[in-house]
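In: Let's see this in three dimensions:
(one chain, ligands or ions: 2)
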Amino acid sequence: MGLIASPRFILYHQPSKAPQGAAEPLESKDLANSDELYRRLFRTTLLIRLVEERVIELYPSDRIQSPVHLSIGQEAVAVGVCDALRADDLVFATYRSHGFYLAKGGRLDRMFAELYGRIGGGAKGKAGSMHLSAPEVGLMGSSAVVASTIPHAVGAAMSFKRQGSDRIAVAVFGDGATEEGVYHESINFASLMKVPVLFVCEDNGLAVHSHRHIRQSYRLQKHAEIYGIASCRVDEGWDMLAIREASLAAVAHVRAGRPFLLEIATSRYMEHVGVGEDFHFQYRDRAAVDAWKARDPLVVDKALTEALRPELEREIEAAVAFAERSPAPGRDELLTDII
Ligand SMILES: Cc1ncc(C[n+]2csc(CCOP(=O)(O)OP(=O)(O)O)c2C)c(N)n1
Ligand SMILES: [Mg+2]
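Out: Ligands and ions are numbered 1, 2, ... in the order given. This is a model prediction of the structure:
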(Lines give C-alpha, C1' and ligand atoms only; values in the text may rest on other atoms or scores of the structure.)
(Ligands and ions follow the chains in the order given, each with its own letter.)
Protein backbone atom coordinates (compact mmCIF):
# COMPACT_ATOMS: atom_id res chain seq x y z
CA MET A 1 0.00 0.00 0.00
CA GLY A 2 1.40 3.38 -0.97
CA LEU A 3 2.14 5.94 1.67
CA ILE A 4 -0.51 8.39 0.42
CA ALA A 5 -3.28 5.84 0.83
CA SER A 6 -2.15 4.43 4.16
CA PRO A 7 -4.08 5.28 7.31
CA ARG A 8 -0.89 6.42 9.01
CA PHE A 9 -0.39 9.15 6.37
CA ILE A 10 -3.93 10.39 6.89
CA LEU A 11 -3.33 10.50 10.61
CA TYR A 12 -0.11 12.41 10.12
CA HIS A 13 -1.84 15.10 8.16
CA GLN A 14 -4.78 15.68 10.45
CA PRO A 15 -4.00 19.27 11.32
CA SER A 16 -3.66 20.20 14.94
CA LYS A 17 -4.55 23.73 15.95
CA ALA A 18 -1.83 26.34 15.49
CA PRO A 19 -0.38 27.34 18.84
CA GLN A 20 -1.46 30.78 19.98
CA GLY A 21 1.68 32.88 20.32
CA ALA A 22 4.15 30.03 19.78
CA ALA A 23 7.65 31.22 18.95
CA GLU A 24 8.09 28.91 15.98
CA PRO A 25 5.54 27.81 13.38
CA LEU A 26 4.53 24.17 13.22
CA GLU A 27 7.02 22.49 10.98
CA SER A 28 7.15 18.92 9.73
CA LYS A 29 10.77 17.87 9.54
CA ASP A 30 9.88 14.23 9.23
CA LEU A 31 7.81 14.01 6.07
CA ALA A 32 10.40 11.84 4.35
CA ASN A 33 10.37 9.43 7.27
CA SER A 34 6.70 9.66 8.20
CA ASP A 35 6.10 5.93 7.83
CA GLU A 36 9.07 5.09 10.04
CA LEU A 37 8.09 7.80 12.51
CA TYR A 38 4.51 6.53 12.70
CA ARG A 39 5.76 2.99 13.33
CA ARG A 40 8.12 4.11 16.08
CA LEU A 41 5.44 6.09 17.90
CA PHE A 42 2.85 3.38 17.35
CA ARG A 43 5.18 0.79 18.87
CA THR A 44 5.60 2.73 22.11
CA THR A 45 1.87 3.51 22.27
CA LEU A 46 1.04 -0.16 21.79
CA LEU A 47 3.64 -1.21 24.36
CA ILE A 48 1.92 0.97 26.97
CA ARG A 49 -1.50 -0.46 26.11
CA LEU A 50 -0.30 -4.08 26.20
CA VAL A 51 1.49 -3.46 29.50
CA GLU A 52 -1.71 -2.14 31.05
CA GLU A 53 -3.74 -5.00 29.58
CA ARG A 54 -1.26 -7.35 31.27
CA VAL A 55 -1.80 -5.42 34.51
CA ILE A 56 -5.54 -6.10 34.12
CA GLU A 57 -4.86 -9.83 33.75
CA LEU A 58 -2.48 -9.96 36.69
CA TYR A 59 -4.53 -7.84 39.06
CA PRO A 60 -6.93 -10.51 40.41
CA SER A 61 -3.91 -12.59 41.49
CA ASP A 62 -3.07 -9.88 44.07
CA ARG A 63 0.58 -9.93 43.08
CA ILE A 64 0.32 -6.25 42.14
CA GLN A 65 0.45 -4.57 45.51
CA SER A 66 -0.83 -1.09 44.70
CA PRO A 67 -3.93 0.62 43.32
CA VAL A 68 -3.64 1.22 39.57
CA HIS A 69 -4.96 4.15 37.53
CA LEU A 70 -4.86 2.91 33.96
CA SER A 71 -4.14 5.22 31.04
CA ILE A 72 -5.72 2.95 28.41
CA GLY A 73 -7.11 5.35 25.77
CA GLN A 74 -4.71 8.13 26.80
CA GLU A 75 -1.38 6.59 25.75
CA ALA A 76 -0.85 8.78 22.68
CA VAL A 77 -0.50 11.85 24.90
CA ALA A 78 2.54 10.49 26.72
CA VAL A 79 4.11 9.20 23.51
CA GLY A 80 3.59 12.36 21.45
CA VAL A 81 4.81 14.68 24.21
CA CYS A 82 7.86 12.62 25.23
CA ASP A 83 8.97 12.18 21.63
CA ALA A 84 9.28 15.96 21.34
CA LEU A 85 11.57 16.16 24.39
CA ARG A 86 15.30 15.77 24.76
CA ALA A 87 16.63 12.97 26.93
CA ASP A 88 17.85 15.49 29.52
CA ASP A 89 14.48 17.28 29.85
CA LEU A 90 12.52 16.40 33.00
CA VAL A 91 8.94 15.19 33.37
CA PHE A 92 6.83 15.44 36.55
CA ALA A 93 3.64 13.44 36.28
CA THR A 94 0.60 11.99 38.06
CA TYR A 95 -0.70 8.75 39.56
CA ARG A 96 -1.93 7.84 36.03
CA SER A 97 1.56 7.73 34.55
CA HIS A 98 2.53 4.25 33.41
CA GLY A 99 2.51 5.82 29.94
CA PHE A 100 4.79 8.75 30.74
CA TYR A 101 7.17 6.43 32.63
CA LEU A 102 7.54 4.16 29.59
CA ALA A 103 7.48 6.91 26.94
CA LYS A 104 10.29 8.76 28.74
CA GLY A 105 12.34 5.55 28.63
CA GLY A 106 11.78 4.00 32.07
CA ARG A 107 12.71 0.30 32.36
CA LEU A 108 9.72 -2.00 32.04
CA ASP A 109 11.12 -4.72 34.32
CA ARG A 110 11.68 -2.23 37.13
CA MET A 111 8.15 -0.89 36.62
CA PHE A 112 6.57 -4.32 37.06
CA ALA A 113 8.79 -4.98 40.08
CA GLU A 114 7.63 -1.65 41.53
CA LEU A 115 3.98 -2.58 40.98
CA TYR A 116 4.68 -5.91 42.69
CA GLY A 117 6.24 -4.10 45.67
CA ARG A 118 9.55 -5.88 45.10
CA ILE A 119 13.13 -4.82 45.74
CA GLY A 120 13.89 -4.68 42.00
CA GLY A 121 11.44 -1.82 41.53
CA GLY A 122 12.58 1.70 40.77
CA ALA A 123 11.81 2.71 44.36
CA LYS A 124 12.54 -0.78 45.80
CA GLY A 125 8.79 -1.41 45.99
CA LYS A 126 7.95 1.53 48.24
CA ALA A 127 6.28 3.72 45.60
CA GLY A 128 3.95 1.46 43.66
CA SER A 129 2.02 2.45 40.56
CA MET A 130 1.02 5.92 41.76
CA HIS A 131 4.50 7.21 42.55
CA LEU A 132 6.61 5.88 39.70
CA SER A 133 9.89 7.56 38.96
CA ALA A 134 12.92 6.94 36.79
CA PRO A 135 15.25 9.89 37.38
CA GLU A 136 17.94 8.26 35.23
CA VAL A 137 15.75 9.02 32.18
CA GLY A 138 14.18 12.24 33.48
CA LEU A 139 10.89 10.91 34.88
CA MET A 140 11.42 12.72 38.14
CA GLY A 141 8.33 11.77 40.02
CA SER A 142 4.62 11.22 40.03
CA SER A 143 2.17 11.60 42.86
CA ALA A 144 -1.24 10.52 44.09
CA VAL A 145 -1.82 14.03 45.42
CA VAL A 146 -3.64 15.87 42.64
CA ALA A 147 -1.62 18.81 41.18
CA SER A 148 1.25 18.31 43.64
CA THR A 149 3.96 17.78 41.02
CA ILE A 150 3.11 20.94 39.06
CA PRO A 151 5.17 23.25 41.30
CA HIS A 152 8.00 20.69 41.33
CA ALA A 153 8.25 21.06 37.55
CA VAL A 154 8.20 24.84 37.83
CA GLY A 155 10.96 24.71 40.45
CA ALA A 156 13.12 22.39 38.34
CA ALA A 157 12.64 24.62 35.29
CA MET A 158 13.50 27.69 37.36
CA SER A 159 16.77 26.04 38.38
CA PHE A 160 17.60 25.35 34.69
CA LYS A 161 17.03 29.02 33.93
CA ARG A 162 19.26 30.14 36.78
CA GLN A 163 21.99 27.74 35.64
CA GLY A 164 21.82 29.16 32.10
CA SER A 165 20.85 25.70 30.80
CA ASP A 166 18.45 25.20 27.89
CA ARG A 167 16.86 22.11 29.49
CA ILE A 168 13.15 22.29 30.16
CA ALA A 169 10.74 20.69 32.61
CA VAL A 170 7.27 19.34 31.88
CA ALA A 171 4.34 19.37 34.31
CA VAL A 172 1.75 16.73 33.41
CA PHE A 173 -1.66 16.90 35.08
CA GLY A 174 -5.33 16.12 34.51
CA ASP A 175 -8.16 18.57 33.85
CA GLY A 176 -9.27 18.19 37.48
CA ALA A 177 -5.86 19.35 38.73
CA THR A 178 -6.44 22.79 37.22
CA GLU A 179 -9.04 23.38 39.96
CA GLU A 180 -6.31 23.26 42.60
CA GLY A 181 -4.89 26.55 43.88
CA VAL A 182 -1.34 25.40 43.26
CA TYR A 183 -2.01 25.16 39.52
CA HIS A 184 -2.99 28.83 39.44
CA GLU A 185 -0.02 29.84 41.60
CA SER A 186 2.30 27.85 39.37
CA ILE A 187 1.22 29.33 36.05
CA ASN A 188 1.26 32.83 37.50
CA PHE A 189 4.81 32.36 38.81
CA ALA A 190 6.00 30.69 35.60
CA SER A 191 4.65 33.52 33.46
CA LEU A 192 5.99 36.26 35.70
CA MET A 193 9.47 34.75 35.98
CA LYS A 194 9.60 33.43 32.37
CA VAL A 195 10.22 29.88 33.56
CA PRO A 196 11.00 27.27 30.85
CA VAL A 197 8.22 24.88 31.82
CA LEU A 198 5.72 23.11 29.59
CA PHE A 199 2.31 22.56 31.20
CA VAL A 200 0.57 19.53 29.71
CA CYS A 201 -3.08 19.02 30.60
CA GLU A 202 -4.46 15.55 29.84
CA ASP A 203 -8.07 16.55 29.39
CA ASN A 204 -10.12 13.38 29.68
CA GLY A 205 -13.05 15.56 30.78
CA LEU A 206 -13.39 13.65 34.05
CA ALA A 207 -12.29 13.88 37.66
CA VAL A 208 -13.23 10.50 39.14
CA HIS A 209 -16.96 10.49 38.21
CA SER A 210 -17.62 14.17 37.56
CA HIS A 211 -17.56 15.94 34.22
CA ARG A 212 -15.50 19.01 33.52
CA HIS A 213 -18.56 21.10 32.59
CA ILE A 214 -20.07 20.75 36.07
CA ARG A 215 -16.77 21.54 37.78
CA GLN A 216 -15.21 24.41 35.87
CA SER A 217 -16.43 27.92 35.08
CA TYR A 218 -13.38 28.64 32.91
CA ARG A 219 -11.84 27.46 29.66
CA LEU A 220 -8.25 26.50 30.28
CA GLN A 221 -6.76 28.31 27.29
CA LYS A 222 -8.65 31.53 28.06
CA HIS A 223 -7.45 31.30 31.60
CA ALA A 224 -3.81 30.81 30.52
CA GLU A 225 -4.14 33.79 28.19
CA ILE A 226 -5.06 36.05 31.12
CA TYR A 227 -1.79 35.00 32.75
CA GLY A 228 0.09 35.73 29.51
CA ILE A 229 0.83 32.09 28.72
CA ALA A 230 0.76 30.90 25.10
CA SER A 231 -1.26 27.75 24.54
CA CYS A 232 -2.49 25.16 22.10
CA ARG A 233 -5.30 22.61 22.30
CA VAL A 234 -5.08 19.32 20.42
CA ASP A 235 -8.51 17.78 19.92
CA GLU A 236 -7.18 14.68 18.13
CA GLY A 237 -5.79 13.14 21.30
CA TRP A 238 -5.74 9.64 19.80
CA ASP A 239 -3.20 10.78 17.21
CA MET A 240 0.36 10.56 18.51
CA LEU A 241 1.68 12.29 15.36
CA ALA A 242 -0.56 15.33 15.81
CA ILE A 243 0.37 15.46 19.51
CA ARG A 244 4.06 15.19 18.70
CA GLU A 245 3.80 17.97 16.14
CA ALA A 246 2.05 20.32 18.57
CA SER A 247 4.54 19.32 21.28
CA LEU A 248 7.54 20.13 19.06
CA ALA A 249 6.23 23.67 18.58
CA ALA A 250 5.43 24.00 22.28
CA VAL A 251 8.85 22.71 23.33
CA ALA A 252 10.60 25.14 20.96
CA HIS A 253 8.65 27.98 22.57
CA VAL A 254 9.60 26.83 26.08
CA ARG A 255 13.25 26.27 25.20
CA ALA A 256 13.33 29.85 23.91
CA GLY A 257 12.45 30.93 27.45
CA ARG A 258 8.67 31.14 27.90
CA PRO A 259 6.17 28.78 29.56
CA PHE A 260 3.54 27.14 27.36
CA LEU A 261 0.26 25.31 28.02
CA LEU A 262 -0.58 22.30 25.89
CA GLU A 263 -4.11 21.01 26.44
CA ILE A 264 -4.79 17.63 24.89
CA ALA A 265 -8.25 16.10 24.64
CA THR A 266 -8.19 12.42 25.48
CA SER A 267 -10.40 9.55 26.63
CA ARG A 268 -10.07 7.26 29.63
CA TYR A 269 -11.53 3.91 28.60
CA MET A 270 -11.37 2.22 32.01
CA GLU A 271 -12.64 3.12 35.46
CA HIS A 272 -10.91 5.90 37.43
CA VAL A 273 -8.97 3.48 39.60
CA GLY A 274 -8.83 -0.26 39.14
CA VAL A 275 -8.91 -2.62 36.21
CA GLY A 276 -12.59 -2.69 35.25
CA GLU A 277 -15.00 -0.64 33.19
CA ASP A 278 -17.50 1.52 35.03
CA PHE A 279 -20.35 2.22 32.63
CA HIS A 280 -22.78 0.73 35.15
CA PHE A 281 -22.35 3.87 37.27
CA GLN A 282 -24.00 5.75 34.39
CA TYR A 283 -21.99 8.93 34.82
CA ARG A 284 -20.84 8.60 31.22
CA ASP A 285 -21.83 7.03 27.95
CA ARG A 286 -20.27 3.96 26.44
CA ALA A 287 -21.08 5.52 23.02
CA ALA A 288 -18.66 8.42 23.61
CA VAL A 289 -15.85 6.02 24.45
CA ASP A 290 -16.74 3.84 21.45
CA ALA A 291 -16.59 6.90 19.17
CA TRP A 292 -13.08 7.58 20.47
CA LYS A 293 -12.05 3.95 19.96
CA ALA A 294 -13.22 4.16 16.34
CA ARG A 295 -10.40 6.68 15.73
CA ASP A 296 -7.82 5.09 18.00
CA PRO A 297 -4.86 3.90 15.83
CA LEU A 298 -4.28 0.91 18.14
CA VAL A 299 -7.82 -0.25 17.35
CA VAL A 300 -8.01 0.87 13.71
CA ASP A 301 -4.59 -0.27 12.49
CA LYS A 302 -5.07 -3.94 13.30
CA ALA A 303 -2.36 -5.05 10.87
CA LEU A 304 0.40 -3.11 12.63
CA THR A 305 -0.92 -4.04 16.07
CA GLU A 306 -0.76 -7.73 15.21
CA ALA A 307 2.64 -7.38 13.52
CA LEU A 308 4.17 -5.78 16.62
CA ARG A 309 2.28 -7.75 19.27
CA PRO A 310 4.54 -10.86 19.52
CA GLU A 311 7.80 -8.97 20.16
CA LEU A 312 6.09 -6.60 22.63
CA GLU A 313 4.46 -9.48 24.50
CA ARG A 314 7.86 -11.17 24.81
CA GLU A 315 9.27 -7.94 26.25
CA ILE A 316 6.38 -7.74 28.73
CA GLU A 317 6.69 -11.38 29.82
CA ALA A 318 10.41 -10.91 30.47
CA ALA A 319 9.59 -7.90 32.64
CA VAL A 320 6.88 -9.78 34.55
CA ALA A 321 9.32 -12.66 35.11
CA PHE A 322 11.86 -10.18 36.51
CA ALA A 323 9.25 -8.89 38.95
CA GLU A 324 8.26 -12.44 39.97
CA ARG A 325 11.91 -13.32 40.66
CA SER A 326 12.66 -10.12 42.53
CA PRO A 327 12.59 -10.63 46.33
CA ALA A 328 10.26 -8.71 48.62
CA PRO A 329 12.13 -6.01 50.57
CA GLY A 330 13.40 -7.19 53.93
CA ARG A 331 12.68 -5.57 57.30
CA ASP A 332 16.06 -3.83 57.01
CA GLU A 333 14.59 -1.78 54.12
CA LEU A 334 11.71 -0.45 56.19
CA LEU A 335 13.37 2.81 57.16
CA THR A 336 15.73 3.30 54.21
CA ASP A 337 15.24 5.91 51.46
CA ILE A 338 12.69 7.88 53.39
CA ILE A 339 12.98 11.37 54.79
C1 LIG B 1 -5.22 17.11 46.59
C2 LIG B 1 -6.15 15.98 46.25
N3 LIG B 1 -7.47 16.17 46.26
C4 LIG B 1 -8.31 15.16 45.93
C5 LIG B 1 -7.83 13.92 45.61
C6 LIG B 1 -8.77 12.78 45.23
N7 LIG B 1 -8.68 12.58 43.77
C8 LIG B 1 -7.91 11.58 43.28
S9 LIG B 1 -7.93 11.58 41.61
C10 LIG B 1 -8.97 12.88 41.52
C11 LIG B 1 -9.45 13.40 40.20
C12 LIG B 1 -8.42 14.14 39.44
O13 LIG B 1 -8.84 14.32 38.12
P14 LIG B 1 -7.84 14.76 37.00
O15 LIG B 1 -6.85 15.72 37.54
O16 LIG B 1 -8.65 15.22 35.83
O17 LIG B 1 -7.02 13.43 36.64
P18 LIG B 1 -7.53 12.07 35.98
O19 LIG B 1 -7.82 11.12 37.11
O20 LIG B 1 -8.73 12.37 35.15
O21 LIG B 1 -6.37 11.57 35.18
C22 LIG B 1 -9.31 13.31 42.81
C23 LIG B 1 -10.22 14.44 43.08
C24 LIG B 1 -6.41 13.74 45.64
N25 LIG B 1 -5.85 12.57 45.31
N26 LIG B 1 -5.60 14.79 45.93
MG1 LIG C 1 -9.37 14.17 34.26
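In: Every contact and neighbour count from this point should use C-alpha atoms.
Out: OK.
In: Verify the stated contact: residue 276 with residue 269.
Out: No. Between residue 276 and residue 269 there is no contact under Cα atoms under 8 Å: 9.4 Å.
In: Of the two, which one has the most company?
Out: residue 269 (22 against 12; other Cα atoms under 10 Å).
In: Quick one, grab the pLDDT at the residue nearest the centre of the chain.
Out: Nearest to the geometric centre of the chain sits residue 78, at 3.2 Å (Cα atoms, centre = their mean). Note on residue 78: pLDDT of 98.
In: Residue 10 now?
Out: 29.
In: What lies in contact with stretch 101-118?
Out: For stretch 101-118, the external contacting residues (Cα atoms under 8 Å, 6 or more residues apart in numbering) are 44, 48, 63-66, 78-79, 82-83, 87, 119-129, 132-134, 137-139, 316, 318-320, 322-324, 326-329.
In: How many residues are close by residue 159?
Out: 17.
In: Is the helix or strand that contains residue 79 positioned near ligand 1?
Out: Using DSSP states H and E, residue 79 sits in helix 75-83. No. Helix 75-83 stays clear of ligand 1 (Cα under 6 Å from any ligand atom), getting no nearer than 11.8 Å.
In: Quick check: pLDDT value at the residue in the chain that ligand 2 sits nearest to.
Out: Closest contact between the chain and ligand 2, by Cα to the ion, is at residue 206 (4.1 Å). In this model, residue 206 is scored at 98, pLDDT.
In: Could you do residue 317 as well?
Out: The per-residue pLDDT of residue 317 was computed as 98.
In: Can you tell me the element it falls in?
Out: For residue 317, the host element (DSSP H and E) is helix 302-325.
In: For that helix, name the packing helices and strands.
Out: helix 34-58, helix 108-115 (3 or more Cα pairs under 8 Å, 6 or more residues apart in numbering; DSSP states H and E).
In: let's see 6 Å
Out: helix 108-115 (3 or more Cα pairs under 6 Å, 6 or more residues apart in numbering; DSSP states H and E).
In: In terms of secondary structure, what does the helix or strand just after the helix it packs on contact?
Out: The helix or strand immediately downstream of helix 108-115 is strand 139-143, counting by DSSP H and E. Helices and strands touching strand 139-143, by 3+ Cα pairs under 6 Å, 6+ apart, are strand 90-94.
In: Can you give me the pLDDT of residue 13?
Out: Looking at residue 13, its pLDDT reads 28.
In: Ok, residue 18 next?
Out: Per-residue pLDDT puts residue 18 at 40.
In: ok, now how distant is residue 321 from residue 127?
Out: 20 Å (Cα to Cα, to the nearest Å).
In: From the contacts of stretch 101-118, keep the buried residues only.
Out: 44, 48, 64-66, 78-79, 82-83, 119-129, 132-134, 137-139, 316, 319-320, 322-324, 326-329 (16 or more other Cα atoms under 10 Å).
In: Point out where this structure drops to low pLDDT.
Out: Along the chain, segments meeting pLDDT under 70 span 1-33.
In: Around ligand 1, which positions in it sit nearby?
Out: The chain has residues 96, 144-146, 173-177, 204, 206-208 near ligand 1, with proximity defined as Cα under 6 Å from any ligand atom.
In: For the residues you listed, could you give me CSV that also reports secondary structure and neighbour count?
Out: CSV is the format used below for the residues of the chain next to ligand 1 (DSSP: H, G, I helix; E, B strand; the rest coil; neighbours: other Cα atoms under 10 Å):
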residue, secondary structure, neighbour count
96, coil, 26
144, coil, 15
145, coil, 12
146, coil, 20
173, strand, 27
174, strand, 22
175, helix, 23
176, helix, 22
177, helix, 22
204, coil, 20
206, strand, 20
207, strand, 15
208, coil, 11
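In: In which helix or strand does residue 170 reside?
Out: Per DSSP H and E: strand 169-174 holds residue 170.
In: ok, residues contacting that strand?
Out: 89-93, 150, 153, 157, 197-203 (Cα atoms under 6 Å, 6 or more residues apart in numbering).
In: sorry, back to before: excluding chain neighbours, what is closest to the residue of the chain closest to ligand 2?
Out: residue 212 (5.8 Å; Cα to Cα, 6 or more residues apart in numbering).
In: Repeat that for residue 122.
Out: Of all residues not flanking residue 122 in the chain, residue 110 sits nearest, at 5.4 Å (Cα to Cα, 6+ apart).
In: quick one: the one you found and residue 305, what's the gap?
Out: 25 Å.
In: what does the stretch 201-339 of the chain put close to ligand 2?
Out: By Cα under 5 Å from the ion, the residues of the stretch 201-339 of the chain that approach ligand 2 are 204, 206-207.
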